[in-house]
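Participant: Here's a sequence, model it:
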Amino acid sequence: MQLTNAEEQLMQILWKQERAFMKDLIEAHDDPKPAATTVATLLKRMQDKEFVDYIQYGRSREYFPLVKKKDYFSKHVNGLIKNFFNDSASQFASFFTEETDLSKEELKKLRSLIDQQIKTK
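Facilitator: Alright, predicted model coming up:
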């Protein structure tokens with residue numbers, strides 16, 4: 001299941017804070033701050049999608065992520081490769097290295113990471 005852009009933005013804040021009350025989530029947004037009702041609606045939808053849950057403390061709720069950032073983005077990138085690059089990681093890598101403004105140093109680091117993965121397989 002995917003998050004909308006607004007949900008993903010809120011999820012980024014929650015991943016960073018790990019646990020947060022509504023006021024913390026609102027404060028973490030850039031100005032103009034979203035309304036509490038907007039954040040509450042997003043949190044409810046994210047809870048329905050099983051991305052977040054909360055612990056109730058009186059009238060306050062402390063929210064926390066149920067999905068790890070790494071797992072979400074791994075699934076996201078794999079879907080991107082499948083849907084836009086004919087399920088070919090090499091087509092994705094070719095596009096990524098040609099269409100982004102990577103420096104020679106960044107490309108060398110990528111090659112080193114790939115070489116390391118080859119050794120472990």
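Participant: Packing partners of the worst-scoring helix or strand of the chain on mean pLDDT?
Facilitator: Taking mean pLDDT, DSSP states H and E as the measure, helix 89-99 is the helix or strand of the chain with the lowest mean score, a mean of 82. Counting by 3 or more Cβ pairs under 8 Å, 6 or more residues apart in numbering; DSSP states H and E, the packing neighbours recorded for helix 89-99 are helix 69-84. Heads up, the C-betas are built off the backbone N, CA and C, glycines and all.
Participant: Any buried residues in the helix it packs on, and which?
Facilitator: 72, 81 (16 or more other Cβ atoms under 10 Å).
Participant: what distance separates it from the centre of its chain?
Facilitator: 10 Å (Cα atoms, centre = their mean, to the nearest Å).
Participant: Compute the inter-axis angle for it and helix 89-99.
Facilitator: Interaxial angle of helix 69-84 relative to helix 89-99 (axes from the mean of the first three to the mean of the last three Cα atoms, to 10 degrees): 100 degrees.
Participant: How about residues contacting helix 69-84?
Facilitator: Contacting residues not belonging to helix 69-84 are listed as 2-3, 11-12, 15, 51, 87-89, 91-92 [Cβ atoms under 8 Å, 6 or more residues apart in numbering].
Participant: and if we set it to 10 Å?
Facilitator: 1-3, 8, 11-12, 14-16, 51, 65, 67-68, 87-93, 95 (Cβ atoms under 10 Å, 6 or more residues apart in numbering).
Participant: Can you name the next helix or strand after the least confident helix or strand of the chain?
Facilitator: Downstream of helix 89-99, the first helix or strand assigned by DSSP states H and E is helix 104-120.
Participant: got the CA coordinates for that following helix in CSV?
Facilitator: Taking C-alpha atoms only, helix 104-120 is exported to CSV below (Å, rounded to 0.1, in the frame of the first residue of the first chain):
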residue,chain,number,x,y,z
LYS,A,104,33.0,11.2,-10.2
GLU,A,105,33.5,10.5,-6.5
GLU,A,106,29.8,9.6,-6.0
LEU,A,107,30.0,7.2,-9.0
LYS,A,108,33.2,5.6,-7.6
LYS,A,109,31.4,5.1,-4.2
LEU,A,110,28.5,3.4,-6.1
ARG,A,111,30.9,1.1,-7.9
SER,A,112,32.5,0.2,-4.6
LEU,A,113,29.1,-0.6,-3.1
ILE,A,114,28.2,-2.8,-6.1
ASP,A,115,31.6,-4.5,-6.0
GLN,A,116,31.1,-5.3,-2.3
GLN,A,117,27.6,-6.8,-3.0
ILE,A,118,29.1,-8.9,-5.8
LYS,A,119,31.7,-10.3,-3.3
THR,A,120,29.0,-11.2,-0.7
